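**Q** Coordinates for the following, if possible.
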Amino acid sequence: MKLRFIGIDPSTGGGGSPTVWVEEGSADLVLQGQEAEELLKSQVAETAWVPGHDRGIPAHETVIRIPARMVPILREACDVAEQRAGLR
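**A** Residues are numbered from 1 along each chain as shown. Have a look, this model is predicted:
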């Protein structure tokens, strides 16, 4: 799996930081971010967001928080993924 680095939280202090990559083969976005706090995860898990879709967070998934200041980086990652997947 080859990852293309897109960007890192511009406010990073050198420790763990929200980061975005695009996986070259699948064009999937790969995100590193702060795991959401229990209150937020609970809200996500208990809300029926899509009619007919199971509630809850499956054991193989989690909820992460990406800072709003990273929106331009996410936009770039989406553009790269879209091009990589041949959707444009």
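
**Q** In this structure Q32 contacts T12, no?
**A** No. Using CB atoms under 8 Å, Q32 is not in contact with T12, being 11.2 Å away. (C-beta placed from N, C-alpha, C; glycine too.)

**Q** who's more crowded, those two?
**A** When Q32 and T12 are compared for neighbours, Q32 comes out ahead with 14 against 11, by other CB atoms under 10 Å.

**Q** so what's the more buried one bridging to?
**A** Beta-bridge partners recorded for Q32 (DSSP bridges): T19.

**Q** middle-most residue in this structure, spatially?
**A** Nearest residue to the geometric centre of the chain (CA atoms, centre = their mean): L31, 4.1 Å.

**Q** Contacts only, for it.
**A** The contact partners of L31, by CB atoms under 8 Å, 6 or more residues apart in numbering, come to 18-21, 64, 66.

**Q** can you check R84 too?
**A** By CB under 8 Å, 6+ apart, the contact set of R84 is 22, 24, 27.

**Q** ok, and the closest non-adjacent residue to I73?
**A** G7 (3.5 Å; CB to CB, 6 or more residues apart in numbering).

**Q** So the one you found lies in a strand, does it not?
**A** Yes. Remark: G7 belongs to a strand, assigned using DSSP: H, G, I helix; E, B strand; the rest coil.

**Q** And the strands in the protein, which stretches?
**A** Taking DSSP state E as the criterion, the chain carries its strands at 3-8, 19-23, 29-32, 34-35, 64-65.

**Q** Among those, show me which one is buried the most.
**A** The highest average neighbour count among the strands of the chain, using mean count of other CB atoms under 10 Å, belongs to strand 19-23 at a mean of 21.

**Q** That one vs strand 3-8, what angle?
**A** Computed by axes from the mean of the first three to the mean of the last three CA atoms, to 10 degrees, the angle separating strand 19-23 from strand 3-8 equals 150 degrees.

**Q** Tell me the helices and strands packed up against strand 19-23.
**A** Judged by 3 or more CB pairs under 8 Å, 6 or more residues apart in numbering; DSSP states H and E, the packing partners of strand 19-23 are strand 3-8, strand 29-32, helix 71-84.

**Q** which neighbours does the first one have in its sheet, and in what orientation?
**A** So the one you mean is strand 3-8. Using DSSP bridges, the strands paired with strand 3-8 are strand 19-23 (antiparallel).
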